[in-house]
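*Asks:* just the structure for this:
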Amino acid sequence: MAEEAQGGPEELPQEEQDAAISHEERIAKLEAEIAALKDERLRALAEVENTRRRGERQAQEAKAYAIDRFARDLLPVADTMARALGSVSPEVRAADEAVRNLFEGVELTERALIEAFTRHGLTPLGARGEKFDPNLHQAVAQIPSDAPPGAIAEVMQVGYALNERTLRAAMVAVSTGPAPAEPAPREDPPPGGGVDIKV
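*Replies:* You can find the predicted model right below:
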């Protein structure tokens with residue numbers, strides 16, 4: 001009798017066994033729900049963080065490239081000033097004081113425009129002797145020059161980059177290297193093919 005009273009868990013009444021099992025099942029179910037909620041929470045936090053980073057990146061890009069259209073509109077002004085400065089020879093400037101003063105005013109205006117470009121992240125592309133890069137330069141010709149092959153020999157139109165993004169590619173002529181040496185002129189052979197035939 002004493003052994004029966006001390007019986008193991010298998011000998012618990014069926015009601016108590018069912019209650020213990022349902023209690024364990026409920027605990028397991030709650031733990032699974034808690035794990036699922038933690039996982040959802042972590043995913044939601046990761047999504048919020050990704051959205052925040054994406055928003056910051058887009059705001060930085062918008063700030064960096066906000067003047068894109070405005071800068072494009074000013075590039076022809078810089079081109080026109082450069083052409084105007086290139087059209088006046090040093091002799092004409094030296095000969096006429098009015099021309100010299102006008103030239104200096106245009107030169108100062110161009111310098112102020114280029115400084116404003118630089119302050120806002122707009123930098124010129126394409127310089128003679130620089131290595132040709134198809135991402136930054138547009139080749140319009142290949143010409144022989146003193147520059148090494150593959151380098152820029154002439155700049156037809158300066159290009160510009162806005163904060164590392166090419167705004168307008170530079171139009172350039174690429175060097176093929178020094179021109180080949182002219183062959184020495186050949187002398188025409190004497191009539192008869194230049195061969196003396198003795199009879």
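
*Asks:* please count neighbours and contacts with C-alpha atoms only from this point.
*Replies:* OK.

*Asks:* where does residue 25 fall, secondary structure wise?
*Replies:* Assigned by DSSP states H and E, residue 25 belongs to helix 14-64.

*Asks:* with adjacent residues omitted, what lies nearest to residue 148?
*Replies:* residue 177 (5.0 Å; Cα to Cα, 6 or more residues apart in numbering).

*Asks:* residues in contact with that neighbour?
*Replies:* 143-150 (Cα atoms under 8 Å, 6 or more residues apart in numbering).

*Asks:* that one in helix, strand or coil?
*Replies:* coil (DSSP: H, G, I helix; E, B strand; the rest coil).

*Asks:* and the helices in the chain?
*Replies:* 2-5, 14-64, 68-86, 90-95, 97-119 (DSSP state H).

*Asks:* any idea how far residue 86 is from the residue nearest the centre of the chain?
*Replies:* Residue closest to the mean C-alpha point of the chain, counted by Cα atoms, centre = their mean, is residue 165 at 4.3 Å. From residue 165 across to residue 86, the span is 28 Å (Cα to Cα, to the nearest Å).

*Asks:* any idea of the angle the helix holding residue 25 forms with helix 68-86?
*Replies:* Taking axes from the mean of the first three to the mean of the last three Cα atoms, to 10 degrees, one finds that helix 14-64 is oriented at 20 degrees with respect to helix 68-86.

*Asks:* from the chain's centroid, how far away is helix 14-64?
*Replies:* 40 Å (Cα atoms, centre = their mean, to the nearest Å).

*Asks:* tell me the pLDDT of the residue nearest to residue 152 when sequence neighbours are not counted.
*Replies:* In space, residue 152 comes closest to residue 174 once its chain neighbours are excluded; the distance is 4.7 Å by Cα to Cα, 6+ apart. Residue 174 carries a pLDDT value of 94.

*Asks:* residue 174 is in contact with residue 137, isn't it?
*Replies:* No - using Cα atoms under 8 Å, residue 174 is not in contact with residue 137, being 9.7 Å away.

*Asks:* which of those two has more neighbours?
*Replies:* residue 174 (29 against 25; other Cα atoms under 10 Å).

*Asks:* show me the contacts for that one.
*Replies:* Here residue 174 is in contact with 132, 139-143, 149-154 (Cα under 8 Å, 6+ apart).

*Asks:* which two among those residues are spaced furthest apart?
*Replies:* 140 and 149 (15.2 Å; Cα to Cα).

*Asks:* who has more neighbours, the two?
*Replies:* Set residue 140 next to residue 149 and count neighbours by other Cα under 10 Å: residue 149 wins out with 19 against 13.
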